[in-house]
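Novice: turn this into a model:
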Amino acid sequence: MRRIQLKEGDFILKEKVEVVYEKVVTKFGTFGKLDAPKKYIGKRAYVIIVH
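Specialist: Here you go, the predicted model:
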């Protein structure tokens, strides 16, 4: 079951979560990128940009 609900600035995610970690977006040519461990290739991921 996947359920994402946004309400007045709150974020609720109900899904089987394997890991949560924080990364900084780095420059890659004219793009930005996030590095993730090789073991997560092919897995679904959510990217949430915060200030």
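
Novice: show me the contacts for Asp35.
Specialist: Under the criterion of C-beta atoms under 8 Å, 6 or more residues apart in numbering, the contact list for Asp35 reads Lys23, Thr26. In short, each C-beta sits where N, CA and C put it, glycine included.

Novice: that one: which element?
Specialist: Counting by DSSP states H and E, there is no helix or strand that carries Asp35.

Novice: from Thr26, how far off is it?
Specialist: The gap separating Asp35 from Thr26 is 8 Å, by C-beta to C-beta, to the nearest Å.

Novice: what does the pLDDT read for Leu6?
Specialist: The per-residue pLDDT reported for Leu6 equals 68.

Novice: which residue ranges form the strands in this structure?
Specialist: Here the chain has its strands, by DSSP state E, at 3-7, 10-14, 26-28, 31-33.

Novice: count the neighbours of the residue nearest to Val47 when sequence neighbours are not counted for me.
Specialist: Excluding the flanking residues, the one nearest Val47 by C-beta to C-beta, 6 or more residues apart in numbering is Leu34, at 6.6 Å. Neighbours of Leu34 under the rule other C-beta atoms under 10 Å: 11.

Novice: so how far is Val24 from Leu34?
Specialist: 8 Å.

Novice: what's the overlap in contacts for these two?
Specialist: Jointly contacting Leu34 and Val24 under the rule C-beta under 8 Å, 6+ apart is no residue at all.

Novice: report the contact partners of Phe28.
Specialist: If a contact means C-beta under 8 Å, 6+ apart, then Phe28 has no contacts.

Novice: mind redoing it with 10 Å?
Specialist: Leu34, Asp35 (C-beta atoms under 10 Å, 6 or more residues apart in numbering).

Novice: measure it to Ala36 for me?
Specialist: Counting by C-beta to C-beta, the gap from Phe28 to Ala36 is 14 Å.

Novice: same check on Arg3?
Specialist: Here Arg3 is placed at a distance of 23 Å from Ala36 (C-beta to C-beta).

Novice: between these two, which one's more packed in?
Specialist: Ranked by neighbour count (other C-beta under 10 Å), Arg3 and Ala36 place Ala36 first, with 13 against 8.

Novice: wait, isn't the more buried one in contact with Arg44?
Specialist: No: assessed by C-beta atoms under 10 Å, Ala36 is found out of contact with Arg44, at 11.8 Å.
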